[in-house]
Every structure is written in C-alpha cells, then in structure tokens.
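Novice: Let's see this in three dimensions:
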Amino acid sequence: MIRILLAEDDRVMREYLTRALERSGYAVSAVDRGTAAIPLLESEPFDLLLTDIVMPEMDGIELAQKAGEMCPDLRVMFITGFAAVTLKAGKTVPQARVLSKPFHLRDLVMEVDRMFEMENMTRGA
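Specialist: Take a look at the predicted model:
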C-alpha cells in the first residue's frame, strides 16, 4: 500500500484530504505542521510527501528539501493557494508537482494516482 505523509496546517483541509486519500486506497499519516513531519520521516517509510507550502514554523518547501535529504526516493506534491510561492516551489524542488487551491478532491486523487501509475500497474492494482 502506498504511504502518504500529509502536512497541512488547516485542520478541516487536513481531515478532508486524509479521508479522500484513504477512500482511494492510500495509507495517510497527517500532521499539522512541517516540524511534526520530520520525526515521522525519520521513523517510517513514505512514498509521497503531500504538503501545503505556507505553514507556520517550517514551510512546505523547507520540509520538502529536508525530506529529500533524508529520503531521496520520496516523491513530493505541494498544495497551495498562493501563485507566487508556486513559482518558488517549482524552482526549489523542480521534480515536485504543484496543485493549486482551490481544487476538487478527484483532481488531487488523480494526480496522486498518476504519480504511482507505473507502480500500480506492476503490482497488478
């Protein structure tokens, strides 16, 4: 099962995204800030870091950079409502995908599915 680490400071959005991804067959661990994600990355394997960019304490870009150092194979997807930080994210973590708010849950699930399409085909899912 594909494991997703979700870092989102908005409680309602975090719960909403967690439910949608779990219903689609993903295992999700959710935290409310970037600094809370680091200990999980140190102790558990994840396939995808799904992170808001604008968060207190540690923004999603900094989290993605640290996560990339710790887990080089970890895929990254940013979610944001700010166009300016989208550009910064694309320059700082060029291999990451960016999904701009507002988005429909099916768009998020489709993007995550696409990221793991080849793995799903190999596993016969």
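Novice: Is it correct that Leu50 falls within a helix?
Specialist: No - the assignment for Leu50 (DSSP: H, G, I helix; E, B strand; the rest coil) gives strand, which keeps it out of a helix.
Novice: Can you give me the distance of it to Glu42?
Specialist: With distances taken as C-beta to C-beta, to the nearest Å, Leu50 is found 18 Å from Glu42. To be clear about C-beta, it is placed using only N, CA and C from the backbone, and glycine gets the same treatment.
Novice: Specify which residue of these two has the higher count of neighbours.
Specialist: For Leu50 versus Glu42, the count of surrounding residues by other C-beta atoms under 10 Å is larger for Leu50: 28 against 9.
Novice: Make sure the more buried one is actually in contact with Thr80.
Specialist: No - distance between Leu50 and Thr80: 11.6 Å, which falls outside the contact criterion (C-beta atoms under 8 Å).
Novice: Now Asp107. Nearest residue, chain neighbours left out?
Specialist: Here the nearest residue to Asp107 in space, its sequence neighbours aside, is Leu99; by C-beta to C-beta, 6 or more residues apart in numbering that works out to 7.0 Å.
Novice: What number of residues are in the vicinity of the one you found?
Specialist: 15.
Novice: and it, how far is that from Met110?
Specialist: 10 Å.
Novice: Please apply the same query to Gly68.
Specialist: For Gly68, the distance to Met110 (C-beta to C-beta) stands at 24 Å.
Novice: more crowded one of those two?
Specialist: More neighbours sit around Gly68 than around the other of Gly68 and Met110, counting by other C-beta under 10 Å; the figures are 17 against 12.
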